[in-house]
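Participant: Here's my sequence, what's the structure:
(one chain, ligands or ions: 1)
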Amino acid sequence: MKSIFQLLGRLRARWRGGLPLRYTVMVAVLAAVTAPAALLLAIEQQLSEKSQQALLAQGESALMAIGSVSIAEPMWVVDRVALDAAAQRLLENPQVVAVRIEDGLTNAPPVERIRDGYARVLDAEVAAGRLNHQVRQVVRSGENLGRLVVWFDATYGQGLLQQRRSQMFTLVVLQVLVSLVVLTPMLVSRVLKPIERLKAQASALVEHSSEEQPVFIWRRHDELGLLGRHLGQVQDRLRELFGQLGAKNAQLEQLAMYDHLTGLPNRSLFIDLVQREMLQARRNQQKFGVFFIDLDRFKAVNDSMGHAAGDQLLIEVARRLRDTLREVDVVCRQSGDEFLVLVRDIAHWETLGDMADRILQAVEAPVVLAGGSARVSASMGIALFPDDAEDFENLVKNADIAMYQAKSLGRARYSFFHSELNSRRQAHLELEHQLGQAITAGELVLHYQPQVDANTGALVGVEALVRWQHPQRGLLYPGHFIGLAEESGQIAEMGVWTLHEACRQKAEWKARGLDVGCMSVNVSALEFRDHRLLDSLQSALTDNGLQPGELEIEITESVLMTETDTSQRIIERVRALGVGIAIDDFGTGYSSLSYLKRLRPNQLKIDRSFVSDTATDNDSRAIVRGVVGLANALSLNVVAEGVETVEQQAFLRETGCHALQGYYIARPMAVEALEAWMADRNNKETTA
Ligand SMILES: Nc1nc2c(ncn2[C@@H]2O[C@@H]3COP(=O)(O)O[C@H]4[C@@H](O)[C@H](n5cnc6c(=O)[nH]c(N)nc65)O[C@@H]4COP(=O)(O)O[C@H]3[C@H]2O)c(=O)[nH]1
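Facilitator: Next up is the predicted model:
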């Protein structure tokens, strides 16, 4: 019982939730066919019952009338045989159960005819309502001859009705069946199947995927056909949109997972790959390495040759890294000029070292760029899983620390991670942070190194060299922080300060009648390409009232020789301000004589390395002679840097070098020391 209720409950829920359409249509067809038929049947029953009764009643009356007339003559002549035959005829009527003819003229016994089985039960059946009996007087010529009594079967009508009912029912069932047989295929083919097709078409739309879609062709011209065609159009449009979406998705995935410049995996994808590698390495008890690669001097190339060249360089480096590594290794561009490499499945430490060497060599080969060729190197840090760290962040952090170690050891090399490197890296970061505050805190100072006339020894200029008076570490030289400032971009602010301070000091000396000659200020590659340089120079000159020829900027040869058109434009503007140009470290880069002619600097500074070797190395002597000859030919001034000995001084004098700078003459000095040095020389000259 309980399960029946449950079933009913489920059916009700199903009904509420909606039957499938084919069942609904079948139910509707059944209801539409059977309900009118059933109604018709019921009404027909009602009507025929009433009309049947009336007909039977009429039939009984007619029979009584005919019967009484037909027996009147035999009664009159007392013909009992004829009476008996008449009674027998009446009994032939199926309604009639018994007939009695009573003679009222004679005392003759009545003529009786009773159907078998009713002989004794007539009165009881009448009492039970199953028989009707009717009495009719037999009259002839106004004389009452007797009575005709007939018992009729009261259930006779019911039987007829029942028979009629079954016939009607059979007809209705036939009609229902015929209707179903005719209607069902029609509904199925004209409605249900198209709806099923529409459903399949709509499902295909809902489950739209990139896979091949079924094609639905509609030839019908009714509403369903129209709907199908519309769905088809929607499907086509969707297919088109999905196609576009797929292409966009692929594009987005590429953007999200790969570096757009180099096409290498980006950091997100790299993290994913390293984390998978960790799972596998743990399972198989394997090791793998992570290289942290940072390009040395990339900033200088980028700043001096422009961003397009920088991009070109990165693309080339990425290609070389990819070519150098094995198929199984992964190289990713982490940011800017930093790359990460996942070196899978390593058997020995030496494997890593060999790979690192190959990478260093590959990166160091010259790269031909649009504005000339450039050379960069790489500093690399190597951390090993699981020895150095067991999670991605620490693994990369430790490789980064090792990379800094490689950088501080002189760049263009690799270094393995060791935990004590942590503290050095911390110190480095700390220094970078402190440098940001050093300018505002007034911790930067300038020292000045004299430049003297090679022949007379007269002071012709001073070079301003920056120092950092660190509150804890004492006086720091540029080697400790210029690279840091270039990497962090703080060099721009530092450059502006240096320029203004050097000009201020020059103006102060001038005001006090001290002639230090031309003031030379170093300008880094980044500052040289910065459009603010000209404003900075202009304001430094006007703020301090300096005249043309009193200020000179030193730019390294490599900076000037890249993007020479731009360099030339900058130099022309600098010159227009009355500021001189000296090419620093001359001879160390690739000098092109034609560019030198075009750029026309005021002065060449022969690099210290050549000067220091002049005592022992014939080549260096030849180079110095060559540079001096070249400068003379182009009417440029030549300053030799790093003069440390009297022999070097003598040689340089002999070559025709114009000015000398170096420890032999004087070290870079603070303002007071320089003033004392000048006073001392003046005293000596006076005494001499
Ligand atoms: N061994 C030896 N060295 C000598 C001798 N004579 C001079 N020097 C050193 O050589 C460097 C000359 O400067 P530089 O080539 O422009 O090279 C400079 C320059 O490129 C850069 N620098 C210094 N000050 C500034 C600055 O204010 N701005 C920029 N952008 N760079 C600066 O830092 C570099 C190093 O500067 P310092 O450490 O001051 O080192 C100075 C100076 O102390 C010598 O006889 N023997």
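Participant: how many other residues sit next to residue 510?
Facilitator: 17 (other CB atoms under 10 Å). (C-beta placed from N, C-alpha, C; glycine too.)
Participant: Let me fix that, I meant to ask about residue 273.
Facilitator: Neighbours around residue 273, by other CB under 10 Å: 16.
Participant: separation between the closest residue to it other than its chain neighbours and the ligand?
Facilitator: Leaving aside its sequence neighbours, residue 273 sits nearest to residue 330 (CB to CB, 6 or more residues apart in numbering; 5.4 Å). Note on residue 330: its distance to the ligand, by CB to the nearest ligand atom, to the nearest Å, is 38 Å.
Participant: Residue 240 now?
Facilitator: Going from residue 240 to the ligand by CB to the nearest ligand atom gives 59 Å.
Participant: Find the helix or strand that that residue is a member of.
Facilitator: Assigned by DSSP states H and E, residue 240 belongs to helix 223-257.
Participant: same deal with residue 582?
Facilitator: strand 580-586.
Participant: Need the contact partners of the helix or strand just after that strand.
Facilitator: Later in the chain than strand 580-586, the nearest helix or strand by DSSP H and E is helix 593-599. With contact meaning CB atoms under 8 Å, 6 or more residues apart in numbering, helix 593-599 is reached by 560-561, 564, 567-568, 571, 581, 583, 630, 634.
Participant: And helix 593-599, what's buried?
Facilitator: By neighbour count with 16 or more other CB atoms under 10 Å, helix 593-599 contains the buried residues 595-596, 599.
Participant: with the residues you listed in mind, which one is nearest to residue 434?
Facilitator: Ranked by distance to residue 434 (CB to CB), the buried residues of helix 593-599 are led by residue 599 at 37.5 Å.
Participant: just to revisit the earlier point, reformat the contacts of helix 593-599 as a markdown table; add neighbour count and secondary structure.
Facilitator: Formatted as a markdown table, the contacts of helix 593-599 follow (neighbours: other CB atoms under 10 Å; DSSP: H, G, I helix; E, B strand; the rest coil):
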| residue | neighbour count | secondary structure |
| --- | --- | --- |
| 560 | 26 | helix |
| 561 | 21 | helix |
| 564 | 18 | helix |
| 567 | 21 | helix |
| 568 | 15 | helix |
| 571 | 22 | helix |
| 581 | 22 | strand |
| 583 | 27 | strand |
| 630 | 17 | helix |
| 634 | 13 | coil |
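Participant: Residue numbers of the stretch 501-650 of the chain in contact with the ligand?
Facilitator: 522, 524, 554, 584-585, 608, 641-644 (CB under 6 Å from any ligand atom).
Participant: Could I get those residues in CSV, plus columns for secondary structure and neighbour count?
Facilitator: Listed next are those as CSV, based on DSSP: H, G, I helix; E, B strand; the rest coil; neighbours: other CB atoms under 10 Å:
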residue, secondary structure, neighbour count
522, strand, 21
524, coil, 23
554, strand, 20
584, strand, 24
585, strand, 20
608, helix, 17
641, coil, 22
642, coil, 18
643, coil, 27
644, coil, 15
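Participant: between the residues you listed, which is closest to residue 379?
Facilitator: The nearest member of those to residue 379, counting by CB to CB, is residue 524 at 19.6 Å.
Participant: quick revisit: tell me the strands beside the strand holding residue 582, with direction?
Facilitator: strand 551-556 (parallel), strand 603-606 (parallel) (DSSP bridges).
Participant: Can you pick out the most distant pair from the residues of the stretch 501-650 of the chain next to the ligand?
Facilitator: 524 and 644 (25.5 Å).
Participant: Which other helices and strands does the helix ranked longest in the chain contact?
Facilitator: For the chain, the longest helix by residue count, based on DSSP state H, is helix 21-76. Counting contacts by 3 or more CB pairs under 8 Å, 6 or more residues apart in numbering; DSSP states H and E, helix 21-76 is packed against helix 80-92, strand 96-103, strand 131-140, strand 143-153, helix 156-187.
Participant: how about a cut-off of 7 Å?
Facilitator: Packing partners of helix 21-76 (3 or more CB pairs under 7 Å, 6 or more residues apart in numbering; DSSP states H and E): helix 80-92, strand 131-140, strand 143-153, helix 156-187.
Participant: Next, the buried residues of the second one.
Facilitator: Within strand 131-140, the residues scored as buried using 16+ other CB under 10 Å are 131-133, 136, 138.
Participant: What of the third one?
Facilitator: With burial defined by 16+ other CB under 10 Å, the residues of strand 143-153 counted as buried are 145-153.
Participant: Identify the residue nearest residue 297 in space, chain neighbours excluded?
Facilitator: Per CB to CB, 6+ apart, closest to residue 297 is residue 376, 5.4 Å.
Participant: One more: residue 75?
Facilitator: Residue 75's closest residue in space is residue 145 (CB to CB, 6+ apart), at 4.4 Å.
Participant: Retrieve the pLDDT associated with that neighbour.
Facilitator: According to the prediction, residue 145 has pLDDT 89.
Participant: The one 5 residues further on now?
Facilitator: pLDDT recorded at residue 150 is 92.
Participant: so it touches residue 90, yeah?
Facilitator: Yes - if you go by CB atoms under 7 Å, residue 150 and residue 90 touch, sitting 6.5 Å apart.
Participant: shared neighbours, those two?
Facilitator: Listed as contacting both residue 150 and residue 90 by CB atoms under 7 Å, 6 or more residues apart in numbering are 63, 67, 96, 99.
Participant: Closest one to residue 402 out of those, please.
Facilitator: Among the shared contacts of residue 150 and residue 90, and counting by CB to CB, the member closest to residue 402 is residue 96, at 128.6 Å.
Participant: hang on, isn't that closest one packed against residue 90?
Facilitator: Yes - using CB under 7 Å as the test, residue 96 is close enough to residue 90 to be in contact (5.5 Å).
Participant: shared neighbours of these two, anything?
Facilitator: residue 150.
Participant: How many residues are close by residue 640?
Facilitator: Around residue 640 there are 31 residues (other CB under 10 Å).
Participant: repeat for residue 242
Facilitator: For residue 242, using other CB under 10 Å, the count is 15.
Participant: Distance of it relative to residue 261?
Facilitator: 30 Å (CB to CB, to the nearest Å).
Participant: what's the answer for residue 80, then?
Facilitator: 137 Å.
Participant: likewise residue 333?
Facilitator: For residue 333 relative to residue 261 (CB to CB), the value is 7 Å.
Participant: Neighbour count: those two, which is higher?
Facilitator: residue 333 (26 against 13).
Participant: So the more buried one sits against residue 262, correct?
Facilitator: Yes - Residue 333 lies in contact with residue 262 (CB under 7 Å); the separation is 5.1 Å.
Participant: shared neighbours of those two, anything?
Facilitator: residue 318.
Participant: pLDDT below threshold where in the stretch 301-450 of the chain?
Facilitator: Along the stretch 301-450 of the chain, the parts satisfying pLDDT under 70 run over 348-350, 419-426.
Participant: Up against the ligand, what does it have?
Facilitator: residue 449.
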